[in-house]
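J.: fold the following for me, if possible:
(2 chains)
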2 protein chains.
Amino acid sequence: MTAPIDPVVTLPAADQGLHADVTGAPGAAQRRAVAKTITLLESTRPDHRARADALLNALLPHSGRSFRLGISGVPGVGKSTFIEALGLFLIERGHRVAVLAVDPSSSISGGSILGDKTRMERLSMDTRAYIRPSPSSGTLGGVAEKTREAMLVCEAAGHDVVIVETVGVGQSETAVAGMTDMFVLLQLPNAGDDLQAIKKGVMELADLVVINKADLDEAAATRARAQISSSLRLIGMHGNPDHLHHDQQVWHPDVMQLSALKGSGLAEFWAAITRFRDLQTANGRLAARRQLQDQAWMWSLIDAGLKQRFKAHPAVTTALPQLTGDVHAGRMAASVAARRLLDLFH
Amino acid sequence: MTAPIDPVVTLPAADQGLHADVTGAPGAAQRRAVAKTITLLESTRPDHRARADALLNALLPHSGRSFRLGISGVPGVGKSTFIEALGLFLIERGHRVAVLAVDPSSSISGGSILGDKTRMERLSMDTRAYIRPSPSSGTLGGVAEKTREAMLVCEAAGHDVVIVETVGVGQSETAVAGMTDMFVLLQLPNAGDDLQAIKKGVMELADLVVINKADLDEAAATRARAQISSSLRLIGMHGNPDHLHHDQQVWHPDVMQLSALKGSGLAEFWAAITRFRDLQTANGRLAARRQLQDQAWMWSLIDAGLKQRFKAHPAVTTALPQLTGDVHAGRMAASVAARRLLDLFH
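T.: Predicted coordinates:
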């Protein structure tokens, strides 16, 4: 009942052209096709959605052959400078780089962290790179879903390094760590100071912490490195017995220093990324992480869809305000209210 | 359509007696009634569940007047000794203490962390205390739900300190932090050593870290205290601007030393708890935390119920294995599979 879709048969003519251009030769036509496809994926129109799903399935066999790198850090840490320097470093070495963004605030502020392409002017002008601002569909779940799909399109177009950037707000780091092979957290040399508020849970997502602008204050950068290393050891033990033996086959989150503005440390950074990728490929964890991510992605969309239907159910819509009020006022136990609402949904 | 339940009218005669005994005078009859009520709440029989819901709503107005203290720590950290010493300390000072446990492994191992009451022999024999082992309903969600409900019963019986213990396995700490006013993490003096694996995310839940058995190695305990303090500062900033100003009205997670076996440090520990409770009561965060917990509890039960119904739906049951397999094999994007399954559920 759910046979794999044959793209040639089911795709409308226009979308067959898109599919051919996305998976075709690099160049201006491919860039336009990638942009057009992502725009189709971001559309909320039901007919667009059906076309997008067919196109996505058709592109899927061409996807997955990139390294997916998540990068986060608070505003001011120098993310754009870092990503542009890294992107230029990589394309000079033959890579094709895509930069995507997850910024759930973009729909509120009206501007994405990557909306202003002049922030990465040199990289965005290079045809070997593709830069896409954050989708602005409002909720983090929506933004993250579109970015995951955009990542697949970029991979089908042959980008072998996909960078997903996010700003340190809310749960967006968790979403980005949940769609990438490696999660890198940028820090300033004054880590540990009160000014550098790290959101709860973010440090634990990091496979690598980079102290950017290390040249500003070498002594502070060294202190920050020691402090973060110690914290990573303390919080980073996954309860996985592997971690107790410092197994050489297992990656241990690390801290390094860098100055993106001066361009120093980029080669060491990419060497660390490569070590991580090779290790995770050899020990099978990269593939396992992606499969877990796919399952989690599917179930999080199902959960969101179920909750949406639940809230839209007439009997639930009617009863929810009063039951929520009863729980709020201590007139009804939360578990009793939950069971009543589920009974109404039948 | 959801008028508050009048307990006297809707409770069957036997349950009116239970209600009267639970909310009545302390003593043997009350202890029996509390135990019987919790057993009824833990029953999975539908008729028991209906009675339990009515009884729970009837007890609800009598609940909530306790301080809810979550305590966690890996096996060997001395939780039982600590909780027994604390319980005896508190009942000597006029408190009535209840000790509940969340142990999702109890249904597998056949024994709960608190199943063997001889572990807290002195406390369990005292009628001013009530000790209940972990419910063994298999999943963490089920265990946690029953423990939340048992907590309400203990409160209705006048226990003014409810301690919820959990062992450092899986996500049980998150569940316990989500049902208590304060979450305390017990540590050994060798914190930071590889042997003392702290699960990801647990350190961040802590309102207070206690280094137990500090007398075993004073120097190590002092080092551990400094290291954990530093980590708490680094990871504990909630992105809440309050935290940036070391506001006296806001609690900052702290670390203290103690020796439960020797009984030293208990008075200081309780003084810290009292400071936390007073501060959180004065700044409104205790009430806000409980309301958020109630809402989260309701929605987590709804989510679990929706997912259960979804998985039990015939069309979903039929299609799920193949679609999951398609996602696993990279033949279908996870988002496309999610939308298909949701369509089948209609």
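J.: excluding chain neighbours, what is closest to A:Arg96?
T.: Using CB to CB, 6 or more residues apart in numbering or on different chains and skipping the chain neighbours, the partner closest in space to A:Arg96 is A:His159 (4.7 Å). Where C-beta positions appear, they are placed from N, C-alpha and C, glycine not excepted.
J.: pretty sure the one you found sits against A:Val99.
T.: No - using CB atoms under 8 Å, A:His159 is not in contact with A:Val99, being 9.4 Å away.
J.: quickly list what's touching both of the two.
T.: A:Tyr130 (CB atoms under 8 Å, 6 or more residues apart in numbering or on different chains).
J.: of the two, who's got more company?
T.: Comparing A:His159 with A:Val99 by other CB atoms under 10 Å in any protein chain shown, the one with more neighbours is A:Val99, at 27 against 24.
J.: coming back round to it: and the residue nearest to A:Arg96, that's in a strand?
T.: No - assigned with DSSP: H, G, I helix; E, B strand; the rest coil, A:His159 falls outside any strand and is coil.
J.: number of nearby residues for A:Ile302?
T.: Residues contacting A:Ile302 under the criterion other CB under 10 Å number 23.
J.: so it is in which element?
T.: Using DSSP states H and E, A:Ile302 sits within helix A:285-312.
J.: now A:Gly201
T.: A:Gly201 belongs to no helix or strand, assigned by DSSP H and E.
J.: same deal with A:Asp343?
T.: If you go by DSSP H and E, A:Asp343 is part of helix A:334-345.
J.: returning to that earlier point: now find how far off-centre the helix holding A:Ile302 is within its chain.
T.: In terms of CA atoms, centre = their mean, to the nearest Å, the centre of helix A:285-312 is set 14 Å apart from its chain centre.
J.: pull out the buried residues from it.
T.: Within helix A:285-312, the residues that count as buried by 16 or more other CB atoms under 10 Å in any protein chain shown are A:285-286, A:289-290, A:293-294, A:297-306, A:309-310.
J.: same list, these, but only the ones touching chain B.
T.: Among the buried residues of helix A:285-312, the ones lying near chain B by CB under 8 Å from any CB of the partner chain are A:Asp294, A:Trp297, A:Met298, A:Trp299, A:Leu301, A:Ile302, A:Asp303, A:Gly305, A:Leu306, A:Arg309, A:Phe310.
J.: for A:Thr222, which non-adjacent residue is closest in space?
T.: Of all residues not flanking A:Thr222 in the chain, A:Gln257 sits nearest, at 7.9 Å (CB to CB, 6+ apart).
J.: phi, psi of the nearest residue to A:Trp270 once chain neighbours are set aside?
T.: In space, A:Trp270 comes closest to A:Phe89 once its chain neighbours are excluded; the distance is 6.8 Å by CB to CB, 6+ apart. Per-residue torsions, A:Phe89: phi -60, psi -40 (degrees, to the nearest 10).
J.: mind listing what A:Phe89 touches?
T.: Remark: with contacts taken as CB under 8 Å, 6+ apart, A:Phe89 is in contact with A:Gly263, A:Leu266, A:Ala267, A:Trp270.
J.: just the element for the third one, please.
T.: It stands for A:Ala267. A:Ala267 belongs to helix A:266-282, assigned by DSSP H and E.
J.: next one: that helix to chain centre, how far?
T.: The chain centre lies 19 Å from the centre of helix A:266-282; the measure is CA atoms, centre = their mean.
J.: for that helix, name the packing helices and strands.
T.: Applying 3 or more CB pairs under 8 Å, 6 or more residues apart in numbering or on different chains; DSSP states H and E, we find helix A:266-282 packed against strand A:67-73, helix A:79-92, strand A:182-187, strand A:208-211, strand A:254-257, helix A:285-312.
J.: ok, A:Gln295 touching B:Val327?
T.: Yes - at 7.0 Å, A:Gln295 and B:Val327 qualify as touching, with contact defined as CB under 8 Å.
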